[in-house]
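Asker: fold the following.
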Amino acid sequence: MAIRIAIADDQELVRAGLRMIIEGESDLEVVAEAANGEEAVAMTLHSHPDVLLMDVQMPGLDGIRATQRIVAAGATSATRVLMLTTFDLDEYVYEAMRAGASGFLLKDLPGEDLVIAIWQAARGSDVLAWVWTLFSRLRQALSFSIAL
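Answerer: Next up is the predicted model:
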């Protein structure tokens, strides 16, 4: 059974890029998309995805406040929220985790790392950007040394 994923980001190009990465995996399926926090709350309550990729900064209701509403609704306790951002700010990480997010990722991570993070979140693990940054750098270093 495929992992059901919803994407919430105010930039259509970002949503399309995330969808392309996800749809390249046979065990992942995009079931809904939203362009702002209000839409993200409504779609999550309606479609009950396994994992929600949520942008931190969106117009109107931001991703952190939307995550709080989703968690407070309780009906979506199975949905794991992974926050995405271009801003590597500790306060975003703390706020996101306090809001109930299951993880926090930077948008510059490689696509294969996003897929791994989705799998981990769907299995119930928390995912933090610094861990994935370290993992990516280690993997790149090993790939580089193996190529020599």
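
Asker: I'd like the average pLDDT over stretch 29-37.
Answerer: The pLDDT scores in stretch 29-37 average 97.

Asker: with stretch 3-17 instead?
Answerer: 97.

Asker: contact partners of it?
Answerer: Residues from elsewhere that reach stretch 3-17 (Cβ atoms under 8 Å, 6 or more residues apart in numbering): 18-19, 22, 27-37, 39-40, 43-44, 47-55, 57-59, 63, 66, 79, 84, 107, 118-119, 122. In short, each C-beta sits where N, CA and C put it, glycine included.

Asker: run the last query once more with 7 Å
Answerer: Residues outside stretch 3-17 that contact it (Cβ atoms under 7 Å, 6 or more residues apart in numbering) are 18-19, 22, 27-36, 40, 43-44, 47, 49-55, 58-59, 63, 118, 122.

Asker: next: stretch 51-69.
Answerer: With Cβ under 7 Å, 6+ apart, stretch 51-69 has contacts from 3, 5-10, 18, 36-38, 40-41, 44, 79-85, 92, 95-96, 99-101, 118, 121-122.

Asker: any quick PyMOL command for the buried ones out of the contacts of stretch 3-17?
Answerer: Per 16 or more other Cβ atoms under 10 Å, the buried members of the contacts of stretch 3-17 correspond to this PyMOL selection:
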select buried, resi 18+22+28+30+31+32+33+34+35+36+40+43+44+49+50+51+52+53+54+55+58+63+118+122
